[in-house]
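# sequence first, then the predicted structure:
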Amino acid sequence: MDASLTDLPNLAYSNLPPILLAASSEAAMMRAERTINASSLRVGATISIEEAGERLDRQGSAAALWIELDRDCGGPMDELLSRVSSDVAAGRYAAIISTTAALVDPLTARVEESAVEVIVDADEGERIAALAVAMARRGLPLRVADVASERNAERLRQLSEEVNRIASTLARLSAGPVPTPQALDLPPLGDLPPLPSETVRHVIRARRLRSRFFHEELFADPAWDMLLDLLQAEIGQLRVPVSSLCIAAAVPATTALRWLKTMVEQGLFIRRADPHDGRRVFVELAPETSRSMRRYFAEVGPVPAI
């Protein structure tokens with residue numbers, strides 16, 4: 001994939017640093033370019049995943065780096081993702097990573113910086129929204145091209161509402177003491193009665209059955225679904241990788257990852273590297289979160305909660 005420089009004819013953005021595009025295939029690159037073009041921003045260079053590290057070393061200035069992944073590029077991809085996580089944490093540029101569900105685990109094993117926007121199997125509106133958020137982090141403007149403005153404006157509105165809902169929910173959840181991420185042992189139960197795995201499993205099953213009779217969006221509550229899944233895993237002494245937790249959240253993977261990222265930041269969940277696989281991380285309940293969930297079930301009693 002040859003490097004190229006493409007200036008778009010929108011003079012309002014001609015003085016902005018460019019967007020660098022790194023992609024895992026020609027098809028992926030074409031899709032990334034369509035998103036940048038729809039946003040009326042400049043493409044600074046199009047490079048392969050293998051070339052990206054060297055280009056970042058030489059690049060003087062960039063508004064953002066867009067990485068488009070439609071296949072596993074192995075070591076070069078891992079190295080780039082680790083580099084981008086560090087660079088974004090240092091404030092060098094904004095970053096958006098667009099990927100597929102199959103790559104969620106190796107991606108999240110390398111990207112820990114919360115400011116990196118990650119989208120999974122996203123439609124064009126979600127892609128524009130992610131770019132808008134990344135640009136906002138850098139204090140740069142974004143104007144959606146007229147050809148797609150109405151549709152993408154709606155997606156941006158939905159994203160804003162979703163982020164606000166996450167913030168308000170987590171404010172309530174974290175009203176008590178914030179758990180210490182270093183404490184990874186199973187929390188002591190004290191005077192709480194044992195919680196059978198079957199009780200939690202019944203609640204999860206009842207929640208899933210609702211989609212047979214009503215639209216899933218009526219009951220979307222990814223935070224609670226993830227809490228239940230991790231509690232059930234803890235009782236069964238099972239490990240939960242990021243990809244499995246995204247499925248348990250019963251929402252699009254992009255939304256699930258956003259919730260996961262924020263709940264880790266709030267100290268409600270803990271990330272733990274897989275000691276046998278450097279391309280995977282597990283998620284578990286923080287000790288205080290586990291105790292809160294168990295206290296909740298003790299208060300509810302034998303009647304299943306849905």
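Sure thing, it's come through. Numbering: from 1, shown residues only.
# not counting its neighbours along the chain, what's nearest T289?
Residue nearest to T289 in three dimensions, not counting chain neighbours: L268, with 4.9 Å by Cβ to Cβ, 6 or more residues apart in numbering. (Glycine included, C-beta is placed from N, CA and C.)
# how about the one you found, phi and psi?
L268 adopts backbone torsions of phi -80, psi -30, taken as degrees, to the nearest 10.
# tell me the pLDDT at it?
Looking at L268, its pLDDT is 95.
# how close does the closest residue in space to F219 that isn't next to it in sequence get to H202?
Sequence neighbours aside, R210 is the residue nearest to F219 in space, at 5.5 Å (criterion: Cβ to Cβ, 6+ apart). R210 sits at a distance of 14 Å from H202 (criterion: Cβ to Cβ, to the nearest Å).
# just to revisit the earlier point, and the residue nearest to F219, backbone torsions?
Per degrees, to the nearest 10, the backbone of R210 is at phi -60, psi -30.
# could you do the one 10 residues further on as well?
When quoted as degrees, to the nearest 10, the phi and psi of A220 stand at phi -60, psi 120.
# what's the answer for the one 3 residues further on, then?
Here the main-chain torsion angles of A223 (degrees, to the nearest 10) amount to phi -60, psi -50.
# so it sits against M263, correct?
Yes. Counting by Cβ atoms under 8 Å, M263 is a contact partner of A223 at 6.7 Å.
# compare the two (neighbour count), which wins?
M263 (26 against 20; other Cβ atoms under 10 Å).
# just the pLDDT for the more buried one.
93.
# and if you look at R172?
50.
# now swap in W224 and tell me
Taking W224 on its own, its pLDDT is 93.
# what is the neighbour count of it?
If we define neighbours as other Cβ under 10 Å, then W224 has 16 of them.
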